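Colleague: give the three-dimensional model of this entry:
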Amino acid sequence: MNGIIMLDPLVKSVEVNCSQKKAFELFLGGMENWWPLTKISISVMNGGTTKSLRVEPADGGRIVEISDKNEEHLWGTVKSYQPNEFISMDFHIPHPSETTRVETLLELRFSSLNEGGTRVELTQSNWEGFGDMAEMCRGGYNGAWGMIFEQAYKTACES
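Modeller: Got it, this is the predicted structure:
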């Protein structure tokens, strides 16, 4: 091995009381409405505010934050968009001090449950691209996904 620490993927899952179709469509198509943009965004990290989030829910689509100064910040690019079942994307909300872009692989699987709800599993991997900061970045995302995915997204699915 060349000294690179391999980290396990970060895995989160929620069971939501909505259809598989709604859970899928809401993740990207409704992201601007449920993502806590006042707390977690590049604009906030820069001391500003986020004006909007543009999400293109399709293969090759992009997630772009627009700041209050009309600056655009790329969060990710959709690699695979399989309606109602699976989304994968290159994903990273970079810290403003970073000079190079490092992306993680974010994958979401949507599975219908017998009771009419949906299980959504989020897996984030490719931490090694962060080098010496990999464990810290993984830990930060672990906490952030608790608020973003397990709380805000789940609440949006059930409303």
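
Colleague: who's in contact with the helix or strand encompassing residue 124?
Modeller: In this assignment (DSSP states H and E), residue 124 forms part of strand 118-125. With contacts defined as CB atoms under 8 Å, 6 or more residues apart in numbering, strand 118-125 is touched by 9-16, 18-20, 22-23, 27, 91, 104-113, 141, 145, 149, 153, 157. From N, CA and C alone the C-beta is placed, and that goes for glycine too.

Colleague: how about a cut-off of 7 Å?
Modeller: With contacts defined as CB atoms under 7 Å, 6 or more residues apart in numbering, strand 118-125 is touched by 9-16, 18-20, 23, 104-113, 141, 145, 149.

Colleague: what's downstream of the lengthiest strand in the chain, the next helix or strand?
Modeller: Assignment by DSSP state E gives strand 72-82 as the longest strand of the chain. Sequence-wise, the next helix or strand beyond strand 72-82 is strand 86-91, with elements assigned using DSSP H and E.

Colleague: which pLDDT value belongs to residue 116?
Modeller: Looking at residue 116, its pLDDT is 86.

Colleague: confirm that it sits in a strand.
Modeller: No: read with DSSP: H, G, I helix; E, B strand; the rest coil, residue 116 is coil and lies in no strand.

Colleague: what's the neighbour count on the closest residue to it other than its chain neighbours?
Modeller: Once flanking residues are discounted, residue 116 sits nearest to residue 19: 7.1 Å by CB to CB, 6 or more residues apart in numbering. By the criterion of other CB atoms under 10 Å, residue 19 has 16 neighbours.

Colleague: and residue 70, by the same measure?
Modeller: With other CB under 10 Å as criterion, residue 70 counts 8.

Colleague: which residues touch it?
Modeller: Shown in contact with residue 70 (CB under 7 Å, 6+ apart): no residues.

Colleague: distance check, it against residue 31.
Modeller: As for residue 70, its distance to residue 31 is 20 Å (criterion: CB to CB, to the nearest Å).

Colleague: hang on, residue 85 packs against residue 110?
Modeller: Yes: if you go by CB atoms under 7 Å, residue 85 and residue 110 touch, sitting 5.7 Å apart.

Colleague: which of those two has more neighbours?
Modeller: A direct count of neighbours by other CB under 10 Å for residue 85 and residue 110 places residue 110 higher, at 23 against 14.

Colleague: how distant is the lowest-mean-pLDDT helix or strand in the chain from the center of its chain?
Modeller: Scoring the helices and strands of the chain by mean pLDDT, DSSP states H and E places helix 42-45 at the bottom, with a mean of 86. On the basis of CA atoms, centre = their mean, to the nearest Å, helix 42-45 sits 16 Å off its chain's mean C-alpha point.
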